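> sequence and predicted structure below; questions after.
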Amino acid sequence: MASSATHTANPDVHLGDGHQQHPLRVYFVVWGWLFILSACSYAVDFVGFQGYLRWSLILIFMALKAGLIMAVFMHMKWERLALVYAIVLPPVAVLVFVAIMAIESEYTFLTRALFFGAAQ
Amino acid sequence: MTETSIETPPRQDGIQGVVDDWSSDQRTFKNVSWGKSMMWIFLLSDTFIFGCFLLSYMTARSSTQVDWPNASEVFSLHIGHTNFPLLLIAIMTFVLISSSGTMVLAVNYAYRRNRKMAAMFMLVTAVLGACFVGMQAFEWSKLIAEGVRPWGNPMGAQQFGASFFMITGFHGTHVSIGVIFLFIMARKTWRGDFDSGRPGYFTSRKSDYESIEIMGLYWHFVDLVWVFIFAFFYLW
């Protein structure tokens, strides 16, 4: 029953079946931001950043877009925390997997260099 | 006059709420319908699938001795004499974000029981999705014509083709399935099935406008996956 903090104009409408309806403004604002963030992501390539700066920017814009889509478009911002955690926490296991495979692929790269000789 | 009433304390928010929900009787997700919960759990499983695909792409790319093809060059469009790197991808992203917005509007109109507007916005979403798939198909044919195969390519590391076709193929399939379902749902909405509660083909349960929100969850997930593919595959 908590009302969203992002908009103050109209109160949330609570329909009988437990569904909350929010004024359209929130969605349009987020939609706008998604376009801006997409343009920023594209700009990272267009401007030609390289190295860690490139990767950091790519990840930041990606995380912001993903967060906005999940929280607002997919309504997670207004769902009960039990559901949010049930969906958001398990993919942490995937991140652990990513960390493991990053280490493993580094090792594979080195053994290939050692065994097959120097890279072309 | 005696009145028996069971006083239940209001449901807590925050971590205490999480503990209460999970430790309670019968249902954990109390204000969420079965359809919505199940769609979320399906999306969670799909997250694992796409996560593992992107992870294996990362592994292949990090462990190969040969340079990975430069995405800016491989995915550029030549219009006239100018080379536009990643232009098609930018347009595809724009199209998919637009479709997410129209889907949100469709859900909003559906809950207002304005079935004509809801159906119209679902159709627009479906058409945008179909455009996306068409552009992806064009991308595929362009790369295949340039010699990209799952087992090798003339631009760089041999694993590029397999990674690209697998990831974008699965994503494109998901978008296509979404487009088909959007057309089905749009027809149901237009016909007034959700107003009358007419059961769907495979079920005896009454239809409800919430089905459109559930459809929306799937569609936003498809957009979400594209955000990750765009970042990790095309930009990185």
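Noted; the coordinates are in hand. Numbers count the residues shown, from 1 in each chain, chains lettered A, B, ... in the order given.

> do the helix or strand containing residue B:177 and chain A meet?
Assigned by DSSP states H and E, residue B:177 falls within helix B:159-191. No. Using CB under 8 Å from any CB of the partner chain, helix B:159-191 stays clear of chain A, with a minimum separation of 11.4 Å. Any C-beta I mention is one placed from the backbone N, CA and C, and that applies to glycine too.

> and that helix, which residues are buried?
For helix B:159-191, burial by neighbour count (16 or more other CB atoms under 10 Å in any protein chain shown) applies to B:159-165, B:167-168, B:170-172, B:174-176, B:178-179, B:181-183, B:185-186, B:188-189.

> C-terminal to that helix, what's the next element?
Downstream of helix B:159-191, the first helix or strand assigned by DSSP H and E is helix B:193-196.

> is chain A within reach of that following helix?
No. Helix B:193-196 does not reach chain A (CB under 8 Å from any CB); its nearest approach is 12.7 Å.

> need phi/psi at residue B:79.
When read as degrees, to the nearest 10, the backbone of residue B:79 gives phi -120, psi 110.

> what's across from it in the sheet?
Beta-bridge partners recorded for residue B:79 (DSSP bridges): residue B:82.

> residue B:74 contacts residue B:161, correct?
No. With contact defined as CB atoms under 8 Å, residue B:74 does not count as touching residue B:161 (10.6 Å).

> now the common contact residues for those two.
Taking CB atoms under 8 Å, 6 or more residues apart in numbering or on different chains as the criterion, residue B:74 and residue B:161 both touch B:143, B:148.

> any weak-confidence spans in the chain?
All of this is about chain A. Residues of chain A that meet the criterion pLDDT under 70 lie in A:1-21, A:118-120.

> that answer is for a different chain, and I need it for chain B
B:1-9.

> buried stuff in stretch B:140-150?
B:140, B:143, B:148.

> the first one against residue B:165, yeah?
What that stands for is residue B:140. Yes. Judged on CB under 8 Å, residue B:140 makes contact with residue B:165 at a distance of 7.4 Å.

> which residues of chain B fall in strands?
Taking DSSP state E, the strands of chain B run over residues B:77-79, B:82-84.

> how near is residue A:86 to residue A:27?
Distance, residue A:86 to residue A:27, by CB to CB, to the nearest Å: 24 Å.

> same question for residue A:67.
15 Å.

> about what we covered before: rebuild the buried residues of stretch B:140-150 as CSV, extending it with distance to residue A:108.
Formatted as CSV, those follow (distance: CB to CB, whole Å):
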residue, distance to residue A:108
B:140, 29
B:143, 26
B:148, 23
